[in-house]
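With the sequence up front, the predicted model follows.
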Amino acid sequence: MPKLAKRVAAYSEKVDHNTRYALPEAAAGVKECASTKFDETVDLAFFLGVDPRHADQMVRGSVSLPHGTGKKVRVVVICKSEAQIQEAQDAGADEVGAAELVEKISGGWTDFDAMVTAPDMMGQVGKLGKILGPRGLMPSPKAGTVTPNVGQAVSDIKKGKIDYRVDKNANIHVPVGKVSFTREQITENAASVIESIIKARPSAAKGTYLRSCTISSTMGPGFRLDLNSLLLNYSGK
């Protein structure tokens, strides 16, 4: 039997696809099913009852993971004042610059995971929309990545602040750690994301908002979460 078939068969004994799991139980299951030789990323996948074609039903935001993402995040900063440049460098930014960095990115360089921009540079950064937008790298005030406090923004991102945004099919995918994390760390990170997305429900959204939520590792099976349990425990009410 091929390796993939053996792995799927093994998963079928550990995952009941008719069951909706509580988050701590699912986090334990994700760890148990991780069998590859690398430290897999753990992801949450949401399907929401919104129509992203309408601006008033767009769901986006940011959240700080209590235990970080488990990966090194490369952050670039676009600013021009000497004070902000120093602030960004002190906070651990991987690259800092002004017009010359904008030019480098316009040439196709995107070897980074997040961008922070000072407000007075948005006129130039806005021209990079076609490059940054499709990669989810475009800074925005709502996400806290267009700010005069560039050092704080870099620090937050390095410590585990992540952005999320619903796609055109009403899905959101968010990394919440690594399988090397403890069950408690995965649960707490995931709970922070779930609470943030529940709170981000647009007032224009009608009917059931949280349609499904699944947690899985890179190569592992998905554990579908019990939505009633999520709303009861992580709605922040």
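In hand now; what should we look at?

in the protein, which helix has the most residues?
Assignment by DSSP state H gives helix 183-199 as the longest helix of the chain.

List the contacts of that one.
23-24, 27-28, 30-31, 42, 44, 46, 48, 59, 61-67, 160, 162, 164, 172, 174, 176-177, 181, 209-210, 213, 215, 230-231, 233-236 (C-beta atoms under 8 Å, 6 or more residues apart in numbering). For every residue, glycine as well, the C-beta is placed using N, CA and C.

Repeat the analysis, applying 7 Å as the threshold.
23-24, 27-28, 30-31, 42, 44, 46, 59, 61, 63, 65-67, 164, 172, 174, 176-177, 210, 213, 215, 230-231, 234-236 (C-beta atoms under 7 Å, 6 or more residues apart in numbering).

PyMOL command to pick out the buried ones of those residues?
Here is the PyMOL command that picks out the buried ones among the contacts of helix 183-199, judged by 16 or more other C-beta atoms under 10 Å:
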select buried, resi 23+24+27+28+30+31+42+44+46+59+61+63+65+67+164+172+174+176+177+210+213+215+230+234
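
What ranges does the protein have for its helices?
Going by DSSP H, the chain shows helices at 3-14, 23-33, 82-90, 99-106, 122-125, 129-132, 150-159, 183-199, 227-234.

what sits up against stretch 29-42?
Stretch 29-42 has contacts (C-beta under 7 Å, 6+ apart) with 7, 11, 14-15, 21, 175-180, 183, 186, 215-221, 223.

which among those end up buried?
Judged by 16+ other C-beta under 10 Å, buried ones among the contacts of stretch 29-42: 7, 11, 15, 21, 175-179, 183, 186, 215-217, 219-221, 223.

Out of the contacts of stretch 29-42, list just those in strands.
Counting by DSSP state E, the contacts of stretch 29-42 place P175, V176, G177, K178, I215, S216, S217, F223 in strands.

residues in contact with G123?
The contact partners of G123, taken as C-beta under 7 Å, 6+ apart, number zero.

where does the protein have low pLDDT?
Under the criterion pLDDT under 70, the flagged ranges of the chain are 1-13, 236-237.

neighbours of the residue nearest to T147 when sequence neighbours are not counted, just the number please.
Using C-beta to C-beta, 6 or more residues apart in numbering and skipping the chain neighbours, the partner closest in space to T147 is A153 (5.3 Å). By the measure other C-beta atoms under 10 Å, the count of residues near A153 is 28.

Check Q124 too.
The tally of other residues near Q124 (other C-beta under 10 Å) stands at 17.

Repeat that for F47.
The number of residues near F47, taken as other C-beta under 10 Å, comes to 15.

Next, the buried residues of stretch 152-163.
A153, V154, S155, D156, I157, K158, G160, K161, I162, D163.
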